[in-house]
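Trainee: okay, predicted coordinates and the sequence, questions at the end:
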Amino acid sequence: MSGHDIPIQLLDGGSMDVQHMDTAMNLDDVDVDLFGDSVMVDTALDGLSASRPMPSKHLRQRLDDLRTHGCHQAIAWSRQGTIASITKDGRSVEFRFLRCRPEDAGWELSEPYVYSTAVIPMHTTAGPIVHLAWSNTHELAVVDAVGRITILNLTIMLNRPFITRKWDGDPVDDLHAVVGCYWLPVFHPRQFNSLYGPAVWVQPEDAKALGDGLYKYEISYTKTTGPHHPNPNRNALVSITTNGLLRLVFLNNNGRLEETAIELESITSSDDLITHAALCNDRNTLLIALATASRQLRIVRAMISWGNDKPSEKQAHPPNATLTPSMLEHHVAVAPWLQHDSNDPVLDESMSQLSLIEFLPSIPKDKNLQAHYNPVVLTVRSHLPVEGASMYEQEPTSVIDRWEVVSEQPQTLHPAFAQLNTGNSTTNPNPMTRLRKLDSVVIPKIVVSVQVMYLGKVVCFAFSDGTIQYRDRVTMMEMFNEHSVHRVLSPHDVGFQYANDTPCLQVAFSPTNCSYVQISEDWDIKWNSMRYTTDPSTALQGAQQSAVMAALILALSSAITASNNFDDILAMARPFNENSHFAATWVRDTVNLLKMNFDFSDEAHHDSLIRNPFLQMCLSILNHMSFRGEFQPRSYEGKLSFLILQVRNFIVLVSLSLNTPKSLGISPLDESEVVEVLVGCVTWAHTLMGWMVDCLFDLADDPAFMSILNEQKRFPDLASFLKARGDVSLHLLCCSSARGLITAACRRLAHLEGMSFRAVRYWEANRLKTENNDCSGGGKALPDSLYFAYQKMQHAAQACLIKVQEFERILQGFAQDVRTAYQMSLSRRQSGSQQPPQQHPSPQQNKNQQPQNAEDQFIKKAQAHCELDMLLGANPPPCFREVLLKFFTQTLPVFKSHVDPAKLYFANYEILDIEENPRILAARKARRKYIDVFTRREITFPTTSSGDATRGASSGAGGGGGEEDVKREGAGAAGEGQTPNPNTLAPGGGGISIKVELGAGSGSTPNLKGGISTPAGGGGSGGGNPNKATGNNATGAANAAPNGAGAGGGGGANNNNTATGTENPSNQWRRCVRCTSVMEDSPGNHSKAGFTFVLAQQRKCSCGAWWALVPKATTTGSTGQGSTATEEEGE
């Protein structure tokens, strides 16, 4: 009898055949208990099992790696915006970044830029790369499986690294595997770190509506504590190995990376091996948590002494003193890290293995910064169900254990015990440190990453299913899981959420904590940014308008204060840009919160104006938020901010060329390549001055504009009238920051003009002497490339359609009238009565005089408010009407009599890149013409393959063509640009201070002795004859006629602007990740010290964002698939 024929005996003596049981009852829905009653089967667990798949083998492998030892972070996000990740095979490092799409100004994650394994050679017996750790600046530590460390530096671009330390000298030994890695914080004179938030909604008692009120922003602080590198902007790396070695890698003052080490643990058996380690700063010492193979948690306090410094000193170490650091260690506490409590589930042996460890530093309890919460060691143990087990029997679980590091003063003895002393003097015993176990937290998910946020107040857990959870650092209660507009700390509080929760293996958060990148199970890198849950176009019209703005203000303010990259905040705010007033309101409220002052009405030398980083940030935000895509017209605010940024960049470039450190040993102005660059910048600046004057002439000839100035009632409509015309020239004149920068640019133009005339006369006089000496046989030939470069600058100055000195004088007169109007108008408003006007002091007197009374404070505050409004494109204050009326009726007509308005009207202003005519923009798009922000010349981005990418190139960063080419529209040589070899750059080199005081027409003769380039040094462009076009080392241009010669280029050019010489081997260009500006790049083929120095300072775009390498043929699309850095580029 078969199994299907076995009958079931029933209670009444009958039977039922199994084959016909389906007609009696469905066993899929019911069950039979021991007593014969039918029981319904609970299908809820079946649904749970179906919706929760079994963990993948990639996740199991990831947990196995985390349990083996610490330091297995394969993806990391730097403060400057670079995203580094290890390739799937573990043999190279990829670099990505967030980029603004040139087509529609949307944000996306770039394609990877692979760092070649030839630069990081893999040892035959060594393991793969396992860990990445960013410093607080721009250095990346790359660690392999045996503990070898390579340090990369990314000071120039986001995706071009070069090596500062190679791991060739490190031992290949498993006992040296790194289990803990920590970059010391950078030394900063500021003793506090600030965090803006929360924003608390305050509604006045007399509010008429529910939405009437405002947000009051709170600020919290934490004290900065050592240890740190004693010199500013220098980093030091601390690592802990499996055999208990504490290593310190630091940059000495001689520019060399050095190392020192001490032994933390004496390893006598395998149980003493360290599996995981975590570090944090605490009271100028290092707190180290060590987890051993014997399941012990040991706390060690380490002290670092840098030589002759004192522990009480808070000043920087002498910059020239040699650092001789030494370290001391002291074991303070020990406890078993496996301690089960009531919340700890005991599932299997895997729960007795650590996967993650984190050391949470102490934080203040209140605003007075006196009482602090103790440091806490946080560990994570994770459990995955056994393969084949049912998911409702076992589920993924993570247990978060915490130990508080408690320092207690020992109890003092009663004085009576002193009588028992035998003669030894009693001393106060040292404080006792112990580990106090806190309650464990059990989460039914697998934790793959732990991140400390908000100055240590919030701990963020990232899970393998792609979800994120925030918990309070003290109570471990979940945060940001409910919307609240009354108290806003994070964008989560007002409705921002992460949209795409996909399973992942690792997670890295951005510096602003507003987005993260994750490695998926197929090792794809994905970016997940916060998005508003409702339609952004309606969000700013409802009740949450102020709440959304408050959340964005808090995020941006904290990022600016910490000097973090905030591109992901711009991406988060981009959807709200449909509201035309959103960007201006956002910037205005941020400026008010950070107490920025953009009033430069009394600035005489404009030094603080050029140095002001906050002005550049605010203009950069306005410029990006109004950016609609390349070859698209800019908005009014965007055009205004764009021009101010470009003028500032021109001033910085000229100032750096004029003021170089003495250590350079040469003036950049003694190199023809630098002068060629300045020629393009001078032409651009003259074009800007001519365009601005032409626009002012057009306004003066417009009856509608003049009627607005003549009628006081219509003056508030001035801004609307200007926006309708799209003319920002008046705001460039009225706004003190823009007017000050243009005045400073005029002074530098006058200085360069005088320098070029003196240089040409010097060369011509010495050429005559040389010719006379040649006749006697004792002469020496002088280089012609520098002479031709200065001759081009002289011609560019002579071609200017206006007199720069005269334009500067009318700007200074207008500034004086503005100061007088402010003083008269605001003094009356403050006093409330008509008072006779008082003579305003001179700018120098006003600079030295500090406000002494409430009236002066009121005037300063009111001026700053007016200047901020004009910077954002608002209407000038009423007191400007008389000033503008005088300017357009008296000053401007006099100036107009000295220029030719017709030449200004018909001049070509295309190089300014502010065109609004759709026909002209379409033509530029068809020609693929861009403006190089460094050379200020037109360049062509080919859209073909690399074989054809070099055809039609019209200009280069390092040189220009003949004079006939320069006179053409968008003229340039066929020479390719030349950039410095990164080997000559100092690791982590910072910017240079700017201090230039130039009067109109003043200046000194440039240093023409020594360091002068030879005719073959930089390579001159070919002459006008196409048959004589030469390569990089051509000298034909030096001996050619002035009207057909160029210098500093990388190849000759014929009269048709066709490149025929040797092409630039680099197939990549620089592109700004925020404003999409472009700049030529040619690494490793320029050895001129001056040009190298000037170009090295251009590591950021004029908008303040970073450059990134972009393939030539894909500039308008993605940044390329798998671009590879060669060893020449890396080093």
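Mentor: Looks like it came in fine. Small disclaimer: the values here were computed from a predicted structure and weren't measured. Residues are numbered from 1 along each chain as shown.

Trainee: which elements pack onto the top helix by length along the chain?
Mentor: For the chain, the longest helix by residue count, based on DSSP state H, is helix 736-776. On a contact count with 3 or more Cβ pairs under 8 Å, 6 or more residues apart in numbering; DSSP states H and E, helix 736-776 meets helix 607-611, helix 636-658, helix 672-700, helix 729-734, helix 785-798, helix 804-831, helix 854-871. Backbone N, C-alpha and C define where each C-beta goes, glycine included.

Trainee: with distance to residue 137, mean neighbour count and mean pLDDT as extra columns, can I get these in CSV?
Mentor: Conversion of those to CSV gives the following (distance: least, Cβ to Cβ, whole Å; neighbours: other Cβ atoms under 10 Å; pLDDT from 0 to 100):
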stretch, distance to residue 137, mean neighbour count, mean pLDDT
helix 607-611, 20, 17, 89
helix 636-658, 21, 24, 94
helix 672-700, 28, 24, 95
helix 729-734, 35, 23, 96
helix 785-798, 36, 24, 91
helix 804-831, 39, 18, 87
helix 854-871, 30, 18, 88
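
Trainee: got CSV for these, with distance to residue 517 too?
Mentor: Formatted as CSV, the helices and strands packed on helix 736-776 follow (distance: least, Cβ to Cβ, whole Å):
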stretch, distance to residue 517
helix 607-611, 34
helix 636-658, 29
helix 672-700, 37
helix 729-734, 40
helix 785-798, 46
helix 804-831, 48
helix 854-871, 35
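
Trainee: those: which one's closest to residue 382?
Mentor: The closest of the helices and strands packed on helix 736-776 to residue 382 is helix 636-658. By Cβ to Cβ, the value is 49.0 Å.

Trainee: quick one, the closest one and helix 736-776 angle?
Mentor: 40 degrees (axes from the mean of the first three to the mean of the last three Cα atoms, to 10 degrees).

Trainee: numbering from 232 from now on, please.
Mentor: Fine by me, first position is 232 from now on; the one you just mentioned is helix 867-889.

Trainee: quick one: contacts for residue 634?
Mentor: By Cβ atoms under 8 Å, 6 or more residues apart in numbering, residue 634 lies in contact with 528, 566, 568, 607, 608, 666, 667, 668, 669.

Trainee: what about the longest helix of the chain, average pLDDT?
Mentor: Mean pLDDT, helix 967-1007: 86.

Trainee: that older thread, give me the buried subset of the contacts of residue 634.
Mentor: 528, 568, 607, 608, 666, 669 (16 or more other Cβ atoms under 10 Å).

Trainee: still on that earlier bit, quick one: the longest helix of the chain to helix 1016-1029, angle?
Mentor: 140 degrees.

Trainee: circling back to that earlier point, nearest to residue 1144, of the buried ones among the contacts of residue 634?
Mentor: residue 607 (53.5 Å).

Trainee: give me phi/psi at that closest one?
Mentor: phi -130, psi 130 (degrees, to the nearest 10).

Trainee: and what of residue 596?
Mentor: According to degrees, to the nearest 10, residue 596 has phi -80, psi -30.

Trainee: what's the answer for residue 1147, then?
Mentor: phi -120, psi -10.

Trainee: what about it, how many residues close to it?
Mentor: Under the neighbour criterion other Cβ atoms under 10 Å, residue 1147 is assigned a count of 11.

Trainee: nearest residue to it in space, please, no chain neighbours.
Mentor: residue 864 (4.2 Å; Cβ to Cβ, 6 or more residues apart in numbering).

Trainee: residues in contact with the one you found?
Mentor: Contacts of residue 864 were listed using Cβ under 8 Å, 6+ apart, and they are 957, 1146, 1147, 1149, 1152.

Trainee: not counting sequence-adjacent ones, nearest residue to the first one?
Mentor: The shortest distance from residue 957 to any residue that is not its chain neighbour, by Cβ to Cβ, 6+ apart, is 5.7 Å, and that residue is residue 1147.

Trainee: that neighbour contacts residue 959, correct?
Mentor: No. Contact criterion Cβ atoms under 8 Å: residue 1147 and residue 959 do not qualify, at 11.0 Å.

Trainee: thinking again about what came up before, out of the contacts of residue 634, who's nearest residue 934?
Mentor: residue 607 (72.9 Å).

Trainee: show the pLDDT at that closest one.
Mentor: 96.

Trainee: what do you get for residue 723?
Mentor: pLDDT, read off for residue 723, is 93.

Trainee: so the residue nearest to residue 1147 belongs to a strand, correct?
Mentor: No. Judged by DSSP: H, G, I helix; E, B strand; the rest coil, residue 864 forms no part of a strand; its state is coil.

Trainee: ramachandran coordinates for it?
Mentor: Torsion angles, degrees, to the nearest 10, at residue 864: phi -60, psi 140.

Trainee: any idea how far residue 1102 is from it?
Mentor: From residue 864 across to residue 1102, the span is 21 Å (Cβ to Cβ, to the nearest Å).

Trainee: for residue 803, same thing?
Mentor: 24 Å.

Trainee: kindly report the same for residue 748.
Mentor: 35 Å.

Trainee: if I look at the residue nearest to residue 1147, how far off is residue 759?
Mentor: For residue 864, the distance to residue 759 - Cβ to Cβ - is 33 Å.

Trainee: what does residue 1111 give?
Mentor: For residue 1111, the distance to residue 759 - Cβ to Cβ - is 48 Å.

Trainee: coming back round to it: select only the buried ones of the contacts of residue 864 in PyMOL?
Mentor: Selecting only the buried entries of the contacts of residue 864 in PyMOL, with 16+ other Cβ under 10 Å as the criterion:
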select buried, resi 1146
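
Trainee: I'd like the contacts of residue 864 as a markdown table, with pLDDT, distance to residue 1018 and secondary structure appended.
Mentor: A markdown table is the format used below for the contacts of residue 864 (pLDDT from 0 to 100; distance: Cβ to Cβ, whole Å; DSSP: H, G, I helix; E, B strand; the rest coil):
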| residue | pLDDT | distance to residue 1018 | secondary structure |
| --- | --- | --- | --- |
| 957 | 92 | 43 | coil |
| 1146 | 84 | 35 | coil |
| 1147 | 83 | 41 | coil |
| 1149 | 85 | 44 | helix |
| 1152 | 85 | 39 | helix |
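
Trainee: now the contacts of residue 864 as TSV including distance to residue 506?
Mentor: Output for the contacts of residue 864, formatted as TSV (distance: Cβ to Cβ, whole Å):
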residue	distance to residue 506
957	65
1146	63
1147	64
1149	65
1152	61
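
Trainee: out of the contacts of residue 864, who's nearest residue 463?
Mentor: The nearest member of these to residue 463, counting by Cβ to Cβ, is residue 1146 at 43.4 Å.

Trainee: tell me the contacts of that closest one?
Mentor: 864, 1140, 1152, 1155.

Trainee: how near is it to residue 1152?
Mentor: 6 Å.

Trainee: contacts only, for residue 733.
Mentor: By Cβ under 8 Å, 6+ apart, the neighbours of residue 733 are 697, 749, 751, 757.

Trainee: same check, this time on residue 309
Mentor: 315, 365, 369, 371, 385, 742, 796.

Trainee: cutoff 6 Å now
Mentor: Residues counted as contacts of residue 309 (Cβ atoms under 6 Å, 6 or more residues apart in numbering) are residue 365.

Trainee: name the nearest residue to residue 817, sequence neighbours excluded.
Mentor: residue 783 (6.1 Å).

Trainee: for the host helix or strand of that neighbour, packing partners?
Mentor: Secondary structure assignment for residue 783, by DSSP states H and E: helix 776-792. Judged by 3 or more Cβ pairs under 6 Å, 6 or more residues apart in numbering; DSSP states H and E, helix 776-792 is in contact with strand 423-433, strand 718-719, helix 798-804, helix 813-825.

Trainee: dump the first one to PDB, restricted to CA.
Mentor: Spelled out, it's strand 423-433. The C-alpha coordinates for strand 423-433 follow below in PDB (Å, rounded to 0.1, in the frame of the first residue of the first chain):
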ATOM      1  CA  PHE A 423      35.800  76.400  21.000                       C
ATOM      2  CA  ASN A 424      33.800  74.500  18.400                       C
ATOM      3  CA  SER A 425      30.400  75.800  17.800                       C
ATOM      4  CA  LEU A 426      27.100  74.200  16.700                       C
ATOM      5  CA  TYR A 427      24.100  76.200  15.600                       C
ATOM      6  CA  GLY A 428      20.900  74.700  16.900                       C
ATOM      7  CA  PRO A 429      18.300  74.000  17.900                       C
ATOM      8  CA  ALA A 430      16.000  76.700  16.500                       C
ATOM      9  CA  VAL A 431      13.100  77.300  18.900                       C
ATOM     10  CA  TRP A 432       9.800  78.800  17.700                       C
ATOM     11  CA  VAL A 433       8.900  81.800  19.700                       C
END
